[in-house]
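Enquirer: Pasted the sequence and its predicted model underneath.
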Amino acid sequence: MDKKTYQKIISSQKNEITEYLIYLKLAKKTKGNNRKVLQKIAKDELKHYKFWKTISKKEVSQDMLKVYWYVLISRIFGLSFGLKLMEAGESLAQGVYKKLSKNVSGVAKVIKDEQTHEKYVLDMIKEERVEYAGSIVLGLNDALVELTGTLAGLTFAIQNSNIIAITGFIMGIAASLSMAASDYLSSKEESLSSKNPLKSAFYTGSAYIITVLILVLPYLFLKNIYVSLATMLITAIFIVLGYTYYISVAKGLKFWHRFIEMAAITVSVSAISFAIGWLIRTLFGVDV
């Protein structure tokens, strides 16, 4: 066996024992079916480690920095996000495995197990924050589109940052309560839905209120209304970027199409609302 191949085997062995510990730690902090799923994957990863060990004839320690990182990410952002983010990195390892399979017998079985983890086992993990992603998206989308448009329109029509902030906040809170109530009634009507109407309304309303607070902040701390507008729009784009990335990873969806579509809608509505604000100010001579 040449040195390069041996180093790849050692790297693969370290990767497997590291992921074994990650799944094991997460399983201890999880209950129900999710725990069984994680324990099953951990068992497979340990089996893979032992397979590589029979070839390398060497003990390898875990990458503890990677262990702590993915355990922390999974605890903060949820199992689905953390594990699928890790599995995305593992797809690179599968490329190495395929090269090794030409020279090392038994690697094909390891590849098959890893593909099973990615395609089937992780999909079995049920998580509330992902199941209610639709409600979060509803609140987030509405808040971004409505409030960026409202604040953009008020920026030119009123030109007073404090009044814009107060008006936007009041409208945002009222709209969030309305959205939560609508989502509650809508969820109750969906007889086939497994979602709890109260939880669905809570996620929708919470996502809306949090987005409102973030978007209004520039008008409270910045004196120049146009700088506030620009900051608000940039913040909105970053919210779209962050949440789209989260959902894309957690649900295994394509990122760029969803991000560009949502960002384009947000910016377009803001531009139209800004133009309407300018028109109203010009026609009615509003001066606040």
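Expert: That came through fine.

Enquirer: Show me the residue at the heart of the protein, geometrically.
Expert: residue 246 (1.3 Å; Cα atoms, centre = their mean).

Enquirer: tell me the pLDDT at the spatially closest residue to that residue that is not a sequence neighbour?
Expert: Excluding the flanking residues, the one nearest residue 246 by Cβ to Cβ, 6 or more residues apart in numbering is residue 81, at 6.0 Å. C-betas here are computed from N, CA, C, even on glycine. Predicted confidence (pLDDT) for residue 81: 83.

Enquirer: which sections of the stretch 101-250 of the chain are below the confidence cut-off?
Expert: By pLDDT under 70, the low-scoring segments of the stretch 101-250 of the chain are 101-105, 115, 117-130, 190-194.

Enquirer: which stretches of this protein form helices?
Expert: 3-28, 32-56, 64-77, 79-100, 107-116, 128-131, 133-157, 161-189, 197-221, 225-251, 255-284 (DSSP state H).

Enquirer: Can you say which of these is packed in most?
Expert: A comparison of the helices of the chain by mean neighbour count, using mean count of other Cβ atoms under 10 Å, puts helix 133-157 on top with a mean of 23.

Enquirer: helices or strands up against that helix?
Expert: helix 161-189, helix 197-221, helix 225-251, helix 255-284 (3 or more Cβ pairs under 8 Å, 6 or more residues apart in numbering; DSSP states H and E).

Enquirer: My guess is residue 258 contacts residue 249. True?
Expert: No - using Cβ atoms under 8 Å, residue 258 is not in contact with residue 249; the gap is 11.7 Å.

Enquirer: burial measure for residue 58, as a count.
Expert: 11 (other Cβ atoms under 10 Å).

Enquirer: same question, the one 4 residues further on
Expert: The local packing of residue 62 (other Cβ under 10 Å) involves 17 other residues.

Enquirer: which residues touch the residue nearest to it when sequence neighbours are not counted?
Expert: Using Cβ to Cβ, 6+ apart and skipping residues adjacent in sequence, the residue nearest residue 62 is residue 18, 4.6 Å away. Going by Cβ atoms under 8 Å, 6 or more residues apart in numbering, residue 18 touches 62-63, 66-67.

Enquirer: Make TSV out of those and add pLDDT and distance to residue 195.
Expert: TSV is the format used below for the contacts of residue 18 (pLDDT from 0 to 100; distance: Cβ to Cβ, whole Å):
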residue	pLDDT	distance to residue 195
62	91	39
63	92	38
66	93	35
67	94	34
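
Enquirer: for the residues you listed, which one is nearest residue 275?
Expert: Nearest to residue 275, judged by Cβ to Cβ, of the contacts of residue 18 is residue 66 at 50.1 Å.

Enquirer: what's the spacing between residue 88 and residue 77?
Expert: To residue 77, residue 88 is 14 Å away according to Cβ to Cβ, to the nearest Å.

Enquirer: circling back: which of the helices and strands packed on helix 133-157 sits closest to residue 33?
Expert: helix 225-251 (17.6 Å).

Enquirer: Figure out how far the closest one is from the centre of its chain.
Expert: With Cα atoms, centre = their mean, to the nearest Å as the basis, helix 225-251 stands 12 Å off its chain's centre.

Enquirer: now do stretch 206-221
Expert: 19 Å.

Enquirer: Export only the CA atoms of that stretch, formatted as PDB.
Expert: Below are the C-alpha coordinates for stretch 206-221, written out as PDB (Å, rounded to 0.1, in the frame of the first residue of the first chain):
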ATOM      1  CA  SER A 206     -43.100  34.900  16.700                       C
ATOM      2  CA  ALA A 207     -41.300  34.900  13.300                       C
ATOM      3  CA  TYR A 208     -43.200  38.000  12.300                       C
ATOM      4  CA  ILE A 209     -42.600  40.000  15.500                       C
ATOM      5  CA  ILE A 210     -38.800  39.200  15.600                       C
ATOM      6  CA  THR A 211     -38.400  40.200  12.000                       C
ATOM      7  CA  VAL A 212     -40.300  43.500  12.700                       C
ATOM      8  CA  LEU A 213     -38.100  44.300  15.700                       C
ATOM      9  CA  ILE A 214     -34.900  43.700  13.600                       C
ATOM     10  CA  LEU A 215     -36.100  45.800  10.700                       C
ATOM     11  CA  VAL A 216     -37.200  48.700  12.800                       C
ATOM     12  CA  LEU A 217     -34.000  49.000  14.800                       C
ATOM     13  CA  PRO A 218     -32.000  51.100  12.200                       C
ATOM     14  CA  TYR A 219     -34.600  53.900  12.400                       C
ATOM     15  CA  LEU A 220     -34.200  54.000  16.200                       C
ATOM     16  CA  PHE A 221     -30.400  54.300  16.200                       C
END
